[in-house]
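**Student:** Using only what follows, build the 3D model:
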Amino acid sequence: MGKSCCAVGCKRRFCKNSELSFYRLPKNNLKREQWIAALGRTDWTPGKETWICGSHFVSGKKSDDFLHPDYVPSLFSFTSTAERTRAVNNLEKYVRSREVYVADESKEQAATALLNLHQIPASEPKVEVVEVPGIEVQTEETHSDIASLHQQIKSLNTECQSLREKVHKLESELKQRTLAPSQFHDRKLKCFTGLPNLQTFMLLFSYVYSVLPATTKQSLKPTQELLLTLMKLRTNLSEEFLGYLFGIHQSTVSRIFHRWIHDMSSRLHPIILWPEREDLRYRLIGMLRQKFTILSSTPPETLIRVEQNVSVEDSLIDKIVLTCCALCNLNETIVASDSNSESEFLNLDMISDD
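**Tutor:** The predicted structure is shown next:
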């Protein structure tokens, strides 16, 4: 099987005579997590033969130096121009710093070698100017002092690497701290969505998501989009507040809600049956308004009438009502049907048997 790059939007494949390098994801767990986080792919688990090409590294190749900008890939199709410029500047700064470090280290080694050559006691302070071709070093430190400083530098570098790894780990954890249905126990899920348990939630998700049109803009995982939509129906929280909860923009909340309501109402419409008796209808309407707060208040004008291309479509509020009715069928039946004409709310088998 040929090597192909796993980065989003990258179609590069390994060619025998090409200078482009391909790398497997690191075996080190922490570094592997950093690479996976940098790739920015959702609901994805890399395999043993997962590769990434050198075009996603600033220098064109990976680096094992944790201070190097290419310790983790950073150039992707979604990387902004400002971030690309910053990455190039960081590489230039790294190269300059390494040149200074190597020059200083060469001077130190030259000074140490000449001090040993003249057999200067390590404990005896001495001011010495040492001249070697192209290098002049003046030091007031003893050999043991220099060795101690060098050891301190190594210790600080090790500590710096440890802190960098902790920061990357915390950043990865922070990205996963957004609300997700898998974090909810049944009581919490029912409070926020009206559904009885996670199993029902996932069954609903599978039933609706199978026909949901694909979208290139995915700020949240699909299960999180459904959770957001159900929370809006259940609690009628403002789009701005939901944006804060899920870490996305208000306009993104609106786009997600409209898309899911449109497809949920269409997909779930066939499972809605209303009782024939009028008193039962009023009872069910009252239950809907109590269960879904979005129906208990006066809807804004934007939900009542939707016009596109001079033709009037179903208003969003109609789709919301249909969706809420269908969602009630995913709970225990509260209206018993008689043997003649009354139709009870449907049960979960109508979805699972589809």
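**Student:** what's the following helix or strand after whatever helix or strand residue 167 lives in?
**Tutor:** Using DSSP states H and E, residue 167 sits in helix 143-175. Later in the chain than helix 143-175, the nearest helix or strand by DSSP H and E is helix 186-193.
**Student:** who touches that next one?
**Tutor:** By C-beta atoms under 8 Å, 6 or more residues apart in numbering, the list of residues contacting helix 186-193 from outside reads 181, 184, 195-198, 201, 227, 230-231, 234-235. Any C-beta I mention is one placed from the backbone N, CA and C, and that applies to glycine too.
**Student:** now those as a markdown table including pLDDT and secondary structure?
**Tutor:** Below are those laid out as a markdown table (pLDDT from 0 to 100; DSSP: H, G, I helix; E, B strand; the rest coil):
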| residue | pLDDT | secondary structure |
| --- | --- | --- |
| 181 | 83 | helix |
| 184 | 83 | coil |
| 195 | 92 | coil |
| 196 | 90 | coil |
| 197 | 91 | coil |
| 198 | 91 | helix |
| 201 | 92 | helix |
| 227 | 94 | helix |
| 230 | 95 | helix |
| 231 | 94 | helix |
| 234 | 92 | helix |
| 235 | 91 | helix |
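**Student:** Which members of the residues you listed are classed as buried?
**Tutor:** Among the contacts of helix 186-193, those classed as buried by neighbour count (16 or more other C-beta atoms under 10 Å) are 181, 184, 195-196, 198, 201, 227, 230-231, 234-235.
**Student:** phi, psi of residue 78?
**Tutor:** Residue 78 adopts backbone torsions of phi -90, psi 0, taken as degrees, to the nearest 10.
**Student:** ditto for residue 42
**Tutor:** phi -100, psi 150.
**Student:** quick one: it and residue 223 touch, right?
**Tutor:** No: when contacts are counted by C-beta atoms under 8 Å, residue 42 is not listed as touching residue 223 (10.4 Å).
**Student:** Residue 51 contacts residue 2, correct?
**Tutor:** No: using C-beta under 8 Å, residue 51 makes no contact with residue 2, being 9.4 Å away.
**Student:** can you list residues touching both of these two?
**Tutor:** Shared contacts of residue 51 and residue 2, defined by C-beta under 8 Å, 6+ apart, are found at residue 14.
**Student:** still on that earlier bit, which helices and strands does the helix holding residue 167 pack with?
**Tutor:** Where contact means 3 or more C-beta pairs under 8 Å, 6 or more residues apart in numbering; DSSP states H and E, helix 143-175 is packed against helix 29-39, helix 81-117.
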